[in-house]
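> Here you go, sequence then predicted model.
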Amino acid sequence: MSKRPIIVIAGLASENSTFTPSRTLAPAFHPLRGDEIKTKYPFIRQGTPLGDAADWRGALIGHALPGGMVTRDAFEELTGEIMTRIKDIVASNKLDGLWFDIHGALAVEDIDDAEFELLRRVRSVIGSDVIVSASMDLHGNVSRELAHQTDLITCYRTAPHVDVAETKERACRNLVELLVKVDGAPKRPIKAWVPIPILLPGEQTSTRLDPAQHIYATVPELEKWDGVLDAAIWVGYAWADEPRNRAVVVVTGWDEASVSKAAEHLAGLFWEAHQDFAFVAPTGTFAECLDAALASETHPYFISDSGDNPTAGGSGDVTWGLTQLLARPEFRSTGGPTVIYASVPGPEAVLVAVEAGVGATVTVTAGAEVDNAHAGPVTMTGRVHSIKIGDKHAAIEVVLQVGSVFAILTKFRKPYHLERDFTELELKPRQADIVIIKIGYLEPDLYDMAADWMLGLTPGGVNQDLERLGHHRIRHPMWPYDKLFATEPDLSARIIPSSNLALIGPDE
């Protein structure tokens, strides 16, 4: 290929629980267009090896905070713009590649496999000869159809995800190397796909601990095999009820025997450990977690209010945890153990607090505007400790001190993952007795701050007790929903043909 390959960038990314009543609208994706995309990703900027190796053309990407299902109107609006922009690029250029920047757990009303549907539509414009490289979250889903429509596909190898940029860069590097190393039509990699009948939450498959730690440590070793280009394991997304939701292995490369052997090896490791996956921390009811925190001599003691985790697909406005916390007599006086609680949305509550100002005593009601299945709105009287305006997610944040509890209220839901999320609100999490966050496993900043922690098994749209949620459409048998398997699962590699060939065989 004498000229630099032309590569378009497009994709929609979110993680959407079908058990959460909230809905995700188009503005939540904060779409980036054209050169805005190259600004977001430094590794494809001009002056970098990848940036100079190809002509990168941004169509549209959108990354939404996890939540409830994406409305069909939102999907059609964003997909329509992606199609229009790609058509404009294709009208005057011969396209060589597509970087498909997705998550893999996009749940859309009335669509079971949204990433496949998006790529199917894009393929109708760019054609089947264009090479597609997809980068994904390991908590995404890879259906047989999605594997067919892609040529290169990879995902994160850590949970918590500390290799996001590395994964996206790998997807782009693999694509560029494929496009520039030969003249004429690039040779398409061979793809070995293995579905595994396991569906577990990320909190039981963290790469901080075995068995996931040693399983994922095997991935880069397999890439050293002759004939193997990339290996990846998807845990799948547990809080959506779709036929595609399950664990999957995909290995790509140039030698069918090598990619098949590598894929079957990874799938075998995963299945052999299916009974060994356990929660990443001690678990308990919310009351048990509070009792343990109060009895502990080490502080700060962190508690995950996991059932309403907004970064897993929770609506973020469940008030159950805060209601339970404020009912405890230990925290009713200002001299009680210091507790930080993050967070509950209350648009009207924060406006009342802002108008009253720091230091004022206010009575406000917040939460349960979307998800009130577990508790109703919570009414509190407390002192306005701090106010912050202008946050990307929350817009307005207010800290209300009620007894010894410092409750964070927001205009819009927000995840709290960083120490500065608290210090910018004049809170000192390292000096608190207890810090309670709507999260699952602790993100690195939180993990580093925690002297000890527990995972609270609390209600919400991303309840860790998966069997209580009521999955009806996932495939069976599926661990842990089915404890007995009549036969061992078929973990043989399926060779998925290129997108310019017919997909042979039924969906599995």
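It's in.
> From now on I want contacts and neighbour counts done on CA atoms only, so please keep to that.
OK.
> what kind of secondary structure is residue 408 in?
strand (DSSP: H, G, I helix; E, B strand; the rest coil).
> wait, doesn't it sit right on residue 399?
Yes. Contact between residue 408 and residue 399 holds when scored by CA atoms under 8 Å: they sit 4.5 Å apart.
> Which one of these two is surrounded by more residues?
Between residue 408 and residue 399, residue 399 has the larger neighbour count (other CA atoms under 10 Å), namely 29 against 23.
> Quick check: the gap between the more buried one and residue 477.
Using CA to CA, to the nearest Å, we find residue 399 at a distance of 47 Å from residue 477.
> swap in residue 64?
As for residue 64, its distance to residue 477 is 32 Å (criterion: CA to CA).
> So which of these two has more stuff around it?
Shown here are residue 64 and residue 477; by other CA under 10 Å, residue 64 has more neighbours (22 against 16).
> contacting residues around the more buried one?
Residues near residue 64 by CA atoms under 8 Å, 6 or more residues apart in numbering: 13-15, 28-30.
> Mind doing that once more with 6 Å?
Counting by CA atoms under 6 Å, 6 or more residues apart in numbering, residue 64 touches 14, 28-29.
> Nearest to residue 461 among the residues you listed?
Nearest to residue 461 among the contacts of residue 64 is residue 14, at 15.4 Å by CA to CA.
> wait, isn't the closest one in contact with residue 67?
No. In this structure residue 14 lies outside contact range of residue 67 using CA atoms under 6 Å: 7.9 Å.
> who's more crowded, the two?
Each of residue 14 and residue 67 has its neighbours counted (other CA under 10 Å); residue 67 has more, 32 against 28.
> Mind pulling up the pLDDT for the more buried one?
Predicted confidence (pLDDT) for residue 67: 96.
> quick one: low-confidence ranges for this protein?
1-2, 182-185 (pLDDT under 70).
> ok so, going back, mind putting the contacts of residue 64 into CSV with distance to residue 130 and secondary structure?
Output for those, formatted as CSV (distance: CA to CA, whole Å; DSSP: H, G, I helix; E, B strand; the rest coil):
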residue, distance to residue 130, secondary structure
14, 25, coil
28, 30, helix
29, 26, helix
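> Output the residues you listed in CSV, with distance to residue 118 appended to each entry.
Converted to CSV, the contacts of residue 64 look like this (distance: CA to CA, whole Å):
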residue, distance to residue 118
14, 13
28, 18
29, 15
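> Now the host helix or strand of residue 289: buried residues?
Using DSSP states H and E, residue 289 maps to helix 286-295. Residues of helix 286-295 classed as buried by neighbour count (16 or more other CA atoms under 10 Å): 286-287, 289-290, 292-294.
> what's the next secondary structure element after that helix?
Using DSSP H and E, the helix or strand that directly follows helix 286-295 along the chain is strand 301-305.
> What helices and strands are in contact with the very next helix or strand once past that next one?
Toward the C-terminal end, the helix or strand that comes next after strand 301-305 (DSSP H and E) is helix 320-326. Contacting helix 320-326 under the criterion 3 or more CA pairs under 6 Å, 6 or more residues apart in numbering; DSSP states H and E is no other helix or strand.
> buried stuff in helix 320-326?
Buried residues in helix 320-326, counted by 16+ other CA under 10 Å: 320-323, 325-326.
> With distance to residue 439 as extra columns, can I get the residues you listed in CSV?
Converted to CSV, the buried residues of helix 320-326 look like this (distance: CA to CA, whole Å):
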residue, distance to residue 439
320, 14
321, 12
322, 14
323, 17
325, 16
326, 19
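> What residue spans form the domains of this structure?
As recorded under automatic domain parsing, the domains making up the chain are 6-278+491-496, 283-463.
> Could you save the ones you listed as JSON lines and add columns showing distance to residue 471?
Listed next are the domains of the chain as JSON lines, based on distance: least, CA to CA, whole Å:
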{"stretch": "domain 6-278+491-496", "distance to residue 471": "5"}
{"stretch": "domain 283-463", "distance to residue 471": "12"}
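> and residue 40, what is it in contact with?
Contacts of residue 40 (CA under 6 Å, 6+ apart): none.
> now residue 454
Contact partners of residue 454, counting by CA under 6 Å, 6+ apart, are 281-283, 303.
> what about the strands in the stretch 401-508 of the chain?
Listed in chain order, the strands of the stretch 401-508 of the chain (DSSP state E, counting those that start in this stretch) span 405-410, 434-437, 452-456, 494-496.
> For the ones you listed, give me TSV that also has distance to residue 462.
As requested, the strands of the stretch 401-508 of the chain are exported to TSV (distance: least, CA to CA, whole Å):
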stretch	distance to residue 462
strand 405-410	20
strand 434-437	14
strand 452-456	12
strand 494-496	32
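> wait, which of the ones you listed is closest to residue 468?
strand 452-456 (15.6 Å).
> Adjacent strands (with direction) for the closest one?
Sheet pairing of strand 452-456 (DSSP bridges) gives strand 283-284 (parallel), strand 301-305 (parallel).
> what angle separates that strand from helix 286-295?
170 degrees (axes from the mean of the first three to the mean of the last three CA atoms, to 10 degrees).
> Using CSV, write out every CA atom in strand 452-456.
Provided in CSV are the C-alpha atoms of strand 452-456 (Å, rounded to 0.1, in the frame of the first residue of the first chain):
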residue,chain,number,x,y,z
ASP,A,452,-10.2,-2.2,55.1
TRP,A,453,-13.4,-2.8,53.2
MET,A,454,-16.5,-4.9,52.5
LEU,A,455,-18.8,-5.4,49.6
GLY,A,456,-22.4,-4.6,50.7
